[in-house]
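Asker: Model the following, please.
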Amino acid sequence: VREIPFSNGKLAGTTWFAGVALTQYLAVHSDMVKNKSVLELGSGVGLVGIMAAKLGAREVFLTDFGYDGDGTTAPPPAEKQSGDMSRLLPLSALENIRFNANMNGARPVARVEHLDWNDYAVGGRGTDNASVVSPPPGGFDLVVG
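Answerer: As a prediction, this is how the structure comes out:
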């Protein structure tokens, strides 16, 4: 998978050891994901979700926090990215997850979605502006992160 510099990906731009360990676990226990609907929280570079897709998951939702541009528009100015500048908005994380999913043949099973946990935290933006990942009919069979 491609990693990206901290300036573009923040904490989501690197491969974390926990992701490698979870990927190895899923490889040994592939029945956990085979024909299942999987939600990955905090996908980072997408390693775990990509592995779930490659192991036969029916669908995988790779989610993380960040600017979710379509690749044709410039990211918002820094002062508009977040009300709290300490939140480290990654400008290229979701684009990088899409790149990695495509590069590793995980599409169309894998979908990349913006999910901001702060939307659901006490004192967060609340449900009016919440990022929403629409679960598949019947919900998710497995949540990893």
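Asker: Quick check, central residue of this protein?
Answerer: T63 (2.6 Å; C-alpha atoms, centre = their mean).
Asker: so what does whichever strand or helix holds it touch, helix or strand wise?
Answerer: Using DSSP states H and E, T63 maps to strand 59-64. Strand 59-64 is packed against strand 37-40, helix 47-54, helix 93-103, strand 110-114, with contacts defined by 3 or more C-beta pairs under 8 Å, 6 or more residues apart in numbering; DSSP states H and E. All C-beta spots, glycine's among them, are computed from the backbone N, C-alpha and C.
Asker: Tell me which of these lies nearest to H29.
Answerer: Closest approach to H29 among these (C-beta to C-beta): helix 47-54, 11.2 Å.
Asker: just to revisit the earlier point, sheet partners, orientation included, of the strand holding T63?
Answerer: In the sheet, strand 59-64 lines up against strand 37-40 (parallel), strand 110-114 (parallel) (DSSP bridges).
Asker: and the shortest one, how far from the chain's centre?
Answerer: With C-alpha atoms, centre = their mean, to the nearest Å as the basis, strand 37-40 stands 10 Å off its chain's centre.
Asker: excluding its backbone neighbours, what's nearest V144?
Answerer: Spatial nearest neighbour of V144, excluding adjacent residues (C-beta to C-beta, 6 or more residues apart in numbering): E40 at 5.2 Å.
Asker: Tell me who's in contact with that neighbour.
Answerer: Counting by C-beta atoms under 8 Å, 6 or more residues apart in numbering, E40 touches 46, 48-49, 52, 60-63, 143-145.
Asker: hmm, which two among those residues are most spread apart?
Answerer: G46 and V143 (15.7 Å).
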